[in-house]
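[1] need a structure here:
(chains A and B)
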Amino acid sequence: DSGVTQTPKHLITATGQRVTLRCSPRSGDLSVYWYQQSLDQGLQFLIQYYNGEERAKGNILERFSAQQFPDLHSELNLSSLELGDSALYFCASSVSDRDGYGYTFGSGTRLTVV
Amino acid sequence: KNQVEQSPQSLIILEGKNCTLQCNYTVSPFSNLRWYKQDTGRGPVSLTIMTFSENTKSNGRYTATLDADTKQSSLHITASQLSDSASYICVVSPRTDSWGKLQFGAGTQVVVTP
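    Just a heads-up that it's a prediction; the model follows:
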């Protein structure tokens, strides 16, 4: 157990729908990062939050949004889902606002859009 | 162009044999270079982290080397086991003020056969 908790582990939904993925960082970590990994592809950085504020954006679609709450958990919202959004979504956390040594990944949420 | 290139893309080795994975990067300057192991459908797990001033770092049967002059790193797996079957990802952290800017390689898929 890495200490980073992601729920749900699996999610199957239809095209056009909206889903919310949740991430609880390791205790004491203030930064949360979201990544997308499509089949046989590398990890693509989506967005980072630090202590409730957005810090960096990567290749995140406009249909996707995220936020970090006062208790530091984060949610990634995916809307108007398309078949191509099917992927593994990983969350990572770290203590600082920079990707430091204590960078830990969760076990991911597998999203299947049908 | 990806700033972190890994080779080979995949390899098959016999249980008990050694193998070496390569990582070439163009990220400069960089803060640290990491190797992660990712089992299928699971989150990446850190194997080694090296700063630009370190040449080698070991974690059990895994040994990473770094040549900052040639911008190359390798991961050597000794006496491979079936459980070593996974994707191995090279990740470089740039030394900038930007956040969430880890540069990921596409990974090397290793299959260990009996």
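[2] Flag the shaky bits of chain A, pLDDT-wise.
    A:97-102 (pLDDT under 70).
[3] Flag every residue of it that's near chain B.
    Listed as neighbours of chain B in chain A under the rule C-beta under 8 Å from any C-beta of the partner chain: A:2, A:4, A:31, A:33, A:41-43, A:45, A:47-48, A:50, A:55-56, A:58, A:88, A:90, A:92, A:97-99, A:101, A:103-108, A:110. No exception for glycine: its C-beta is placed from N, CA and C like everyone else's.
[4] which residues does A:Q68 bridge with?
    A:S74 (DSSP bridges).
[5] Please name the residues that touch it.
    Residues counted as contacts of A:Q68 (C-beta atoms under 8 Å, 6 or more residues apart in numbering or on different chains) are A:V32, A:Y49, A:Y50, A:N51, A:G52, A:E53, A:S74.
[6] One more: A:K57?
    Listed by C-beta under 8 Å, 6+ apart, the contact set of A:K57 reads A:L46, A:I47, A:Q48.
[7] top of those residues by neighbour count?
    A:Q48 (28 neighbours; other C-beta atoms under 10 Å in any protein chain shown).
[8] where's it relative to A:R63, distance?
    19 Å (C-beta to C-beta, to the nearest Å).
[9] Surely A:C23 touches A:H73?
    Yes. Taking contacts as C-beta atoms under 8 Å, A:C23 lies within contact range of A:H73: 6.4 Å.
[10] what does the helix or strand bottoming out on mean pLDDT in chain B contact?
    Sorting the helices and strands of chain B by mean pLDDT, DSSP states H and E puts strand B:103-104 at the bottom, at a mean of 88. Contact with strand B:103-104 is made by A:42-43, A:45, B:2-4, B:25, B:27, B:89-94, as judged by C-beta under 8 Å, 6+ apart.
[11] Output stretch A:28-44 in PDB with nothing but the alpha carbons.
    Output in PDB follows, covering the C-alpha atoms of stretch A:28-44 (Å, rounded to 0.1, in the frame of the first residue of the first chain):
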ATOM      1  CA  GLY A  28       1.300  14.900   5.100                       C
ATOM      2  CA  ASP A  29       1.500  15.300   1.300                       C
ATOM      3  CA  LEU A  30       0.200  18.600   0.000                       C
ATOM      4  CA  SER A  31       0.600  18.100  -3.700                       C
ATOM      5  CA  VAL A  32      -1.600  15.900  -5.900                       C
ATOM      6  CA  TYR A  33      -0.800  15.100  -9.500                       C
ATOM      7  CA  TRP A  34      -3.100  13.400 -12.100                       C
ATOM      8  CA  TYR A  35      -1.900  11.300 -15.000                       C
ATOM      9  CA  GLN A  36      -3.600   9.500 -17.800                       C
ATOM     10  CA  GLN A  37      -2.200   6.200 -19.200                       C
ATOM     11  CA  SER A  38      -3.900   4.900 -22.300                       C
ATOM     12  CA  LEU A  39      -3.400   1.300 -23.500                       C
ATOM     13  CA  ASP A  40       0.300   0.600 -24.200                       C
ATOM     14  CA  GLN A  41       1.100   4.300 -23.800                       C
ATOM     15  CA  GLY A  42       3.300   6.200 -21.400                       C
ATOM     16  CA  LEU A  43       2.000   8.300 -18.500                       C
ATOM     17  CA  GLN A  44       0.600  11.700 -19.600                       C
END
